[in-house]
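Student: When you get a sec, could you give me coordinates for this:
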Amino acid sequence: MPATKTLSQCAEDAIETAIDDAADDDPVVLWWDDGGYLRNIVESVSRARGCAFRAAEGTPLELRADAPRGRTVWYVPRAHGDDVDWFKDVEHTGGVVDAHIGTLAARCFENDRIQAASIRTAYEDADSDDRAQVAETLFRELNGDGGLPTLQGLQTKIVLDGHDDPVQFVLEHGAENLPDDADDRLKIRDLLVDDGVSAAEGVTDGDALVTRTRRWAVAEWLVEAGLDPSLLDAEYRPESSSGLGISRPELQSLLSKVDTERAAELAQVYLDPDARFWHDILRTHDDPWALADCPVDASLEHELWDAWTQAFHNGEYETCATRAATRHQRLDTTYGDVPWTRVWAQAIDIANLAHELETWEERGDTTDVVDLYGDVDDGTWQIDNAVFNLIISGEPERDLPAEHPATATLDDLRTSLTESQYLDYLSDLADLVVEQIEAGSPFVGENYAHQFFDQEQDHLGSGQSVALFVVDALRFDLAHELADSIRRELPSLEVDETAWVGTLPSDTEFGKAALTPGSKFSFNVELDDGELVPQRSGQTVTNYQREKLLKDEGWSYVMQSEDDASGWSNTRVAYYWNDLDKAGEEELTDFEALFSDRLETISDIICEKLGQGEWDRAYILADHGFVSLPRGIDLDGLYPPDEAAQVTRRWVAGKDLDADAPGVLLDENAHLGYLDDDTKLSILADPIQRFRNQGLPDARFYHGGVLPQEFVLNFVTITQE
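Tutor: The predicted structure is shown next:
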């Protein structure tokens, strides 16, 4: 039965009655409030009724210091005791109200006064700390905002410290938050049974009460997900809903309301291997994935992982990717970013990578390596991207309980893919490159980086506002990530990606020299006094020369490390970012994580500049890519040929090199369009080969060779739609 009045209305009734019953026409009404929680209400009502208000701040005797004139309410925040001779005259001529907040709250239920007495006794029986909580609950519920509560609803909130749902209170807060008083626990038990938790019937122990309630709630969600209820004990079978509207399991309703931090804590409860609620049933269930929409039982989680692992070993990679994505979405929606969620996120990457590695040779004509690797939609650059994402996602199983089966399986899956199968893929890809080059005219009809200024001259003319972002070592997959981040941040721009063939050798000095203004016919690479050099119009392209050529063409030349505020005021800006290459060369173990941070930084810079400026067009260009070797690989150190004039880690140059030199030979027959007739290059394709005594032999990051990861580049074009 709902309340009929608010606390304020009952206080007004009490004051009016005391005034009406007083012998004096302008009486003093003395209000005794044990606990002192009614002051604001009594003061507000008193003034609204035209009465003066005075409160005893220390001792009640201080109220006698100033005789009242006219109707006055004296408020004393203490219990009415026997030592009140000071107020005999008030009692004879005025009125007395002896009501604390519990008493006044009970009066709000004038249609059910006998049962409402429990509210008064709940306040009186509470200790000092709990009294404050009871008072807060009574204030909040009986102020009239949003309607008035029922007596049972208010009793429930008093017992549950302000919570109105006994089932959700127990599911969320556990035994440690149940009241110590045995009678209060029995009240909660009875409330649970009234709400349909049959499993709580007859239970008196707090731990058992919580365990049974949680077990019941997990069973309810399992049945919702598809479990046959007949498999459950009778007291755990959820009642069929007969109400109207949308109904959902109690746990689902609870977890949809809690904040992220609390949801993460509840993941520890409902996915805890020590609390396997329905282990015996779930471990024998024919298809655990039929129940994958239920995220609240550790046994189900374990069965799902074991079934997923078995499917993976059976080569069902697409199925594994789909299922991992389904489970990840369910856990992420329920708990947010928790270890269980992160493990399934990595399982998606693992399944996708395994599928890519298994099927890459099926992608059309494998004799066209540039198209095989550099197709923007379907190229095998996605394998590098999957490896990259898998490595930077770390080892999420380390944060799981040791009993979770992923702790024993996930590392082996990662290692097999990134340190064995990926290396096999790189080797097979290298063989294809060598075959294509040795067959002659390897990259006919492709976009060449050294032709960029020539091919894009219509857009790079003085009438256009153009920004060039030249990012050192921006591999194809990283360029794609960068393009995607710009699409998300600036959706009004049109962002296109195109495969270009970079300059061989795929080293910085040649790649950046190729991306320098000039005709495609003016660029060449030749030996000069025993050293291989890039040239434009017969001049070696150094950093200084590149800057000069750009400035002569009307470009602002901005380096990452410089104060670039003034340079960006020009309508033609060339911006150079060198941090990726530097990080790769210096960080020999975890450069992938560094790259991820650097990409975010360069994305912020590009989006900031494009967002601020009225650019007609912008390009993101790369000088070369790179190969990332697995950790702990054994490298094959080769002796360079005697005829080599210059030797680096991944290539040698000379005039007298022949086909017997290690690697693959590039000469005039390759028809690259920029090699001098007398200059020959022997470039390594095998990913584990290095020329001896050159560079750091244990480095995981390298470029300069002839794998597509090093020279097939992703150029991004950004225009206003």
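Student: So, low pLDDT: which residues of the stretch 351-500 of the chain?
Tutor: Across the stretch 351-500 of the chain, the ranges flagged by pLDDT under 70 are 364, 462.
Student: And the strands in it?
Tutor: Assigned by DSSP state E, counting those that start in this stretch, the strands in the stretch 351-500 of the chain fall at 466-471, 493-501.
Student: right, and those strands - which one's nearest Ser118?
Tutor: For Ser118, the closest of these is strand 493-501, at 66.5 Å, according to Cβ to Cβ. (C-beta placed from N, C-alpha, C; glycine too.)
Student: Dump the closest one to PDB, restricted to CA.
Tutor: Only the C-alpha atoms of strand 493-501 are listed here, as PDB (Å, rounded to 0.1, in the frame of the first residue of the first chain):
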ATOM      1  CA  LEU A 493      37.300  14.500 -46.600                       C
ATOM      2  CA  GLU A 494      37.800  12.000 -49.300                       C
ATOM      3  CA  VAL A 495      40.700   9.600 -48.500                       C
ATOM      4  CA  ASP A 496      42.000   7.400 -51.300                       C
ATOM      5  CA  GLU A 497      44.800   4.800 -51.100                       C
ATOM      6  CA  THR A 498      46.900   3.700 -54.100                       C
ATOM      7  CA  ALA A 499      49.800   1.200 -54.400                       C
ATOM      8  CA  TRP A 500      53.100   2.700 -55.700                       C
ATOM      9  CA  VAL A 501      56.500   1.000 -56.300                       C
END
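Student: any idea how far it is from the chain center?
Tutor: 28 Å (Cα atoms, centre = their mean, to the nearest Å).
Student: Buried residues, it. List them.
Tutor: 493, 495, 497, 499-501 (16 or more other Cβ atoms under 10 Å).
Student: Which elements pack onto the lowest-mean-pLDDT helix or strand in the chain?
Tutor: Ranked by mean pLDDT, DSSP states H and E, the helix or strand of the chain with the weakest confidence is helix 579-586, at a mean of 75. On a contact count with 3 or more Cβ pairs under 8 Å, 6 or more residues apart in numbering; DSSP states H and E, helix 579-586 meets helix 591-612.
Student: Next, the angle from the helix it packs on to strand 466-471.
Tutor: For helix 591-612 against strand 466-471, the angle by axes from the mean of the first three to the mean of the last three Cα atoms, to 10 degrees is 170 degrees.
Student: Any idea how far helix 591-612 is from the middle of the chain?
Tutor: 18 Å.
Student: Ok, stretch 502-512 next?
Tutor: Chain-centre distance of stretch 502-512: 37 Å, with Cα atoms, centre = their mean.
Student: end to end, how far does it reach?
Tutor: End-to-end distance for stretch 502-512: 10 Å, by Cα to Cα, to the nearest Å.
Student: for the residue positioned nearest the centre of the chain, helix, strand, or coil?
Tutor: Per Cα atoms, centre = their mean, the C-alpha nearest to the average position across the chain is that of Asp337, at 5.7 Å. Following DSSP: H, G, I helix; E, B strand; the rest coil, we place Asp337 in the coil state.
Student: ditto for Leu154
Tutor: Leu154 ends up helix, using three-state DSSP.
Student: Correct me if wrong: it contacts Ala3.
Tutor: Yes - assessed by Cβ atoms under 8 Å, Leu154 is found in contact with Ala3 at 7.4 Å.
Student: The nearest residue to Ile437 once chain neighbours are set aside pairs with what?
Tutor: Excluding its sequence neighbours, the residue lying closest to Ile437 (Cβ to Cβ, 6 or more residues apart in numbering) is Val664, at 5.0 Å. Beta-bridge partners recorded for Val664 (DSSP bridges): Ile683.
Student: who wins for proximity to Val203 among the strands of the stretch 351-500 of the chain?
Tutor: The nearest among the strands of the stretch 351-500 of the chain, by Cβ to Cβ, is strand 493-501 at 61.5 Å.
Student: Leu154 and Ala3: which has the busier surroundings?
Tutor: Neighbour comparison, Leu154 and Ala3: the larger count goes to Ala3, with 28 against 25 (by other Cβ atoms under 10 Å).
Student: Pull the contacting residues for that one.
Tutor: Listed by Cβ atoms under 8 Å, 6 or more residues apart in numbering, the contact partners of Ala3 are 108-109, 142, 148-151, 154.
Student: Throw together a ChimeraX command that grabs the buried residues out of those.
Tutor: Burial among the contacts of Ala3 is assessed by 16+ other Cβ under 10 Å; the matching ChimeraX selection reads:
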select :108,109,142,148,149,151,154
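Student: what sits against Leu38?
Tutor: 7, 11, 31, 99-101, 104.
Student: go again using 7 Å as the cut-off
Tutor: Counting by Cβ atoms under 7 Å, 6 or more residues apart in numbering, Leu38 touches 11, 100-101, 104.
Student: okay, and for the stretch 101-250 of the chain, where does confidence drop off?
Tutor: Scanning the stretch 101-250 of the chain for pLDDT under 70 picks out 240-247.
Student: Contact partners for Tyr544?
Tutor: Neighbour list for Tyr544: empty [criterion: Cβ under 7 Å, 6+ apart].
Student: For it, what is the enclosing helix or strand?
Tutor: Using DSSP states H and E, Tyr544 falls within helix 543-552.
Student: how about that helix: buried residues?
Tutor: Neighbour-count burial for helix 543-552 flags 545-547, 549-550 (criterion: 16+ other Cβ under 10 Å).
Student: Check stretch 175-191 too.
Tutor: 178-179, 184-185, 187-189, 191.
Student: how far is it from where the chain is centred?
Tutor: Offset of stretch 175-191 from its chain centre (Cα atoms, centre = their mean): 38 Å.
Student: ok, now stretch 337-349?
Tutor: Distance, centroid of stretch 337-349 to centroid of chain: 11 Å (Cα atoms, centre = their mean).
Student: residues in contact with that stretch?
Tutor: Contacts of stretch 337-349 (Cβ under 7 Å, 6+ apart): 264, 267, 271, 301, 308, 321, 324-325, 327-328, 331-332, 335, 386, 389-390, 393, 396-397, 399-400, 406, 410.
Student: go on, stretch 657-670?
Tutor: Contacts for stretch 657-670 (Cβ under 7 Å, 6+ apart): 434, 437-438, 440, 442, 504, 638, 641, 643-644, 652, 672, 675, 677, 680-685, 706.
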